[in-house]
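Chemist: Below: sequence and its predicted model.
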Amino acid sequence: RKEVEQDPGPFNVPEGATVAFNCTYSNSASQSFFWYRQDCRKEPKLLMSVYSSGNEDGRFTAQLNRASQYISLLIRDSKLSDSATYLCVVTRGNSGYALNFGKGTSLLVTP
Amino acid sequence: NAGVTQTPKFQVLKTGQSMTLQCAQDMNHNSMYWYRQDPGMGLRLIYYSASEGTTDKGEVPNGYNVSRLNKREFSLRLESAAPSQTSVYFCASSDGTGALHTEAFFGQGTRLTVV
């Protein structure tokens, strides 16, 4: 089983829609969690960190459920510019010194 | 404000040739990484270095060697390139204490084709 698994996608949604991405991780010792965004043929960039208490950044909300080993990302009022691949990222268990990436979920927001 | 700089950006190699991908960061980060990204496979960790002087294997280390030259630089070497190593390679750096991590910053990637 891969350490980080995400919804396969792609997600095609109209502008203004709300879309949710899910992610599960297998290593209960993981301590840090992130969502990254990757545009086509570009490097990944941090979208937001994910905390146990949940956190929000404008239209983006991330949630972490440690008991279920589940992470989510909610995007409200989707914009055309949100079209990208969203990567769920988890630290590699106790080592903490490397990040495991999910395969990513592709989002296409259409007019 | 360079961040993470990778060279070269593009490279075509013949099977059996060798090359070194260079990576440097100017953020004083302790940890540096090399990933490869293939269609449908996501980013896979090749090697990482938690601090200057240490390196560890990641998920797919076979066919690669690394050197953490100093705190700033972390190079990836392909000794005898194979077509299976055709990929996009990303170098990244981050900081953290123990199991806690801060944001990882990535270089722009190296698109390598082995023919």
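Modeler: Arrived safely, thanks for sending.

Chemist: So in chain A, where's the weakest helix or strand by average pLDDT?
Modeler: The least trusted helix or strand in chain A, going by mean pLDDT, DSSP states H and E, turns out to be strand A:99-101, with a mean of 86.

Chemist: which element follows it toward the C-terminus?
Modeler: strand A:105-110 (DSSP states H and E).

Chemist: quick one: strands adjacent to that next one?
Modeler: On the basis of DSSP bridges, the sheet neighbours of strand A:105-110 come out as strand A:11-14 (parallel), strand A:84-91 (antiparallel).

Chemist: tell me how far the least confident helix or strand of chain A is from the chain's mean position?
Modeler: A distance of 11 Å separates the C-alpha centroid of strand A:99-101 from that of its chain, computed with CA atoms, centre = their mean, to the nearest Å.

Chemist: Give me the contacts around it.
Modeler: Surrounding strand A:99-101, the residues in contact under the criterion CB atoms under 8 Å, 6 or more residues apart in numbering or on different chains are A:3-4, A:25, A:30, A:34, A:36, A:44, A:87-92, B:33, B:35, B:42-45, B:92, B:94, B:101, B:104. C-betas here are computed from N, CA, C, even on glycine.

Chemist: In that strand, which residues are buried?
Modeler: The neighbour-count check on strand A:99-101 (16 or more other CB atoms under 10 Å in any protein chain shown) flags A:99-101 as buried.

Chemist: Would you mind listing what in chain A touches chain B?
Modeler: Remark: the part of chain A in contact with chain B comprises A:29-32, A:34, A:42-46, A:49, A:87, A:89, A:91-104, using CB under 8 Å from any CB of the partner chain.

Chemist: Just the buried ones among those residues, please.
Modeler: Applying a neighbour-count criterion of 16+ other CB under 10 Å, the buried members of the residues of chain A next to chain B are A:30-32, A:34, A:43-44, A:46, A:49, A:87, A:89, A:91-93, A:96-104.
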